[in-house]
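Asks: would you be able to build a 3D model of this:
(one chain, ligands or ions: 1)
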Amino acid sequence: KVASVAVRCLATSSSTPSSSSLPPVALAHLRPVQGFVGAIGNTPLIRLNKLSQETGCDILGKAEFMQPGGSVKDRAALFVVKDAEEKGLIKPGGTVVEGTAGNTGIGLAHVCRSRGYKCVIYMPNTQSQEKIDLLRMLGAEVHPVPAVAFDNPENYNHQARRHAERLENAVWTNQFDNTANRRAHIETTGPEIWDQTDGGKLDGFICATGTGGTLAGITRYLKDRSEGRIQCWLADPPGSVLHSYIQSGGKLMEREGGSITEGIGQGRVTDNLAQEVSLLDSSLSIRDEDSIEMVYRLLDEEGIYVGASSALNVVAAREMAKKMGKGKTIVTILCDGAYRYQARLFSRKWLESKGLVGAIPDHLKKYIVL
Ligand code: PMP
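Replies: A predicted model of the protein is given here:
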């Protein structure tokens, strides 16, 4: 579908000669799309040149930071709202309520504005101020609440559900256990990756999870389409239980410790992940030191300004490449831009408070500007 758009554009674009040098994915967006939601998806797949050279593999990052709402979660936000509309759970003028680390909320706030809904967001008060500010600027009602475990009734997700129950014409979109989230990636991200690698010419896919929608949806699509050939692995930050769950063959440990990576890490197997967890071939645990170094390396070497979950994914893709051997093609997700975290990630004081200044190589310390 993308290729045919490209051909059509090239055939009719003699008045815009510069477009003929753009690759097909970029061309897919040169035609008008239907409002904000029409611009979701069709992100480029970027070859990370330095890391590819270093590993002898092709390391490719799906540029979800280029989504109209700025993150991979725009896809899930659109799908959970469409799902609620199709099921008659919300009518015009209604309210969407969600519990989120921020990115799903930002995606929802955009989608809600563009479709005329109100948006109410509950989030743990540990998340970056940039995300809270942006949500409010997009018209959402934001409730930062103490970060307590999922089995505590005051957890942000349960508060969101109760808020929706108190209102007329309101829906709790429940991104963690609503599989419309995973479907967004089965129907859009997975097929895009397949098409962008010349019909599935990739050997491995790896990414971290928050809700599990991205990993499970893409894994489901790639495993089905390649008849199990493509290796699909989980990447996990410190303080998440999924790596040990996979390595132990299904033992769920208590959550312990935490990570600087916002939006990823999980204490349970969500409904979005439940069906696909058995399809995963392996998993890697990635240290914060390596993730923060990669934030700075991607900026310095590739000019790519992404948050810590993207950097963790890239470290994991590099480790997967090393384990699989030279000549392989590995795909991962560049989840969002660093703009959402810059007051932390580029602040000496914050890095010191996390004991992470030493993780940044001396020649990259010039980027610590705050
Ligand atoms: N990275 C960031 C920055 C996120 O906000 C999220 C979503 N919470 C993810 C990665 C993980 O995506 P998913 O919910 O699909 O597992």
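
Asks: and the residue in the chain positioned nearest to the ligand, what does it touch?
Replies: Per Cβ to the nearest ligand atom, residue 263 is where the chain lies closest to the ligand, at 2.4 Å. Glycine gets a C-beta too; all of them are placed from N, C-alpha and C. Listed by Cβ atoms under 8 Å, 6 or more residues apart in numbering, the contact set of residue 263 reads 101-103, 210, 307, 309, 335-336.

Asks: apply 7 Å and report the result again.
Replies: 101-103, 210, 309, 335 (Cβ atoms under 7 Å, 6 or more residues apart in numbering).

Asks: not counting sequence-adjacent ones, nearest residue to it?
Replies: Nearest residue to residue 263, sequence neighbours excluded (Cβ to Cβ, 6 or more residues apart in numbering): residue 101, at 4.4 Å.

Asks: neighbours around the one you found, how many?
Replies: 22 (other Cβ atoms under 10 Å).

Asks: phi and psi next, for it.
Replies: When read as degrees, to the nearest 10, the backbone of residue 101 gives phi -70, psi -10.

Asks: go through this protein and flag its longest helix.
Replies: Taking DSSP state H as the criterion, the chain has its longest helix at helix 308-324.

Asks: so after that helix, what's the next helix or strand?
Replies: strand 329-334 (DSSP states H and E).

Asks: got a list of contacts for whichever helix or strand residue 235 is part of?
Replies: Assessed by DSSP H and E, residue 235 sits inside strand 231-236. Contact with strand 231-236 is made by 203-209, 215, 219, 222-223, 242-243, 246, 279-286, 312-313, 316, 320, 324, as judged by Cβ under 7 Å, 6+ apart.

Asks: could you list which of the residues you listed also contact the ligand?
Replies: On the criterion Cβ under 6 Å from any ligand atom, 209, 215 are the entries of the contacts of strand 231-236 that sit beside the ligand.

Asks: just the buried residues of the contacts of strand 231-236.
Replies: Buried by 16 or more other Cβ atoms under 10 Å: 203-209, 215, 219, 222-223, 242-243, 246, 280-281, 283-286, 312-313, 316, 320, 324, out of those.

Asks: and the residues you listed, which of them are in strands?
Replies: 204-207, 283-285 (DSSP state E).

Asks: can I get the residues you listed in CSV including pLDDT?
Replies: Below are those laid out as CSV (pLDDT from 0 to 100):
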residue, pLDDT
204, 98
205, 99
206, 99
207, 98
283, 98
284, 98
285, 98
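
Asks: which parts of this protein sit against the ligand?
Replies: Within the chain, the residues that sit near the ligand (Cβ under 6 Å from any ligand atom) are 71-73, 101, 103, 209-215, 262-264, 307, 309, 335-336.

Asks: could you pull out the strands for the stretch 101-250 of the chain?
Replies: 118-124, 141-145, 170-172, 204-207, 231-236 (DSSP state E, counting those that start in this stretch).

Asks: nearest to residue 46, out of those strands?
Replies: Of all those, it is strand 204-207 that lies closest to residue 46, at 14.7 Å by Cβ to Cβ.

Asks: which neighbours does the closest one have in its sheet, and in what orientation?
Replies: Strand 204-207 pairs in its sheet with strand 231-236 (parallel), strand 329-334 (parallel), by DSSP bridges.

Asks: in a markdown table, list those along with mean pLDDT.
Replies: Listed next are those as a markdown table, based on pLDDT from 0 to 100:
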| stretch | mean pLDDT |
| --- | --- |
| strand 231-236 | 98 |
| strand 329-334 | 98 |
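
Asks: could you check the pLDDT of residue 21?
Replies: Model confidence at residue 21, given as pLDDT, is 70.

Asks: now, the residues of the chain next to the ligand that are in helices?
Replies: Using DSSP H, those in helices are 73, 103, 213-215, 309.

Asks: redo these as TSV? Include pLDDT.
Replies: Listed next are these as TSV, based on pLDDT from 0 to 100:
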residue	pLDDT
73	98
103	95
213	98
214	98
215	98
309	98
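
Asks: pull the most distant pair out of these.
Replies: Spanning the widest gap among these are 103 and 215, at 15.0 Å by Cβ to Cβ.

Asks: low pLDDT regions in this protein?
Replies: Judged by pLDDT under 70, the chain has its weakly predicted residues at 1-20, 22-26.

Asks: the same query, at a cut-off of 90, please.
Replies: 1-31, 101-102, 128 (pLDDT under 90).

Asks: what's the closest of the ones in strands among the buried ones among the contacts of strand 231-236 to residue 136?
Replies: Closest to residue 136 out of these is residue 207 (29.1 Å), distances taken as Cβ to Cβ.

Asks: tell me the bridge partners for the closest one.
Replies: Under the criterion used (DSSP bridges), residue 207 bridges to residue 234.

Asks: residues touching it, list them.
Replies: 214-215, 235, 313, 332-333.

Asks: same thing but at 10 Å, please
Replies: Counting by Cβ atoms under 10 Å, 6 or more residues apart in numbering, residue 207 touches 62, 72, 214-215, 218-219, 232-235, 264, 309-310, 312-314, 316-317, 331-335.

Asks: and residue 110, by the same measure?
Replies: Residue 110 touches 36-37, 39-40, 67-70, 74, 77-78, 119, 134, 138-140, counting by Cβ under 10 Å, 6+ apart.

Asks: go on, residue 293?
Replies: Counted by Cβ under 10 Å, 6+ apart, residue 293 has contacts 287, 311, 315, 356, 359-361, 364.

Asks: now the angle between strand 231-236 and whichever strand or helix holds it, please.
Replies: Using DSSP H and E, residue 293 maps to helix 288-297. Counting by axes from the mean of the first three to the mean of the last three Cα atoms, to 10 degrees, helix 288-297 lies at 100 degrees to strand 231-236.
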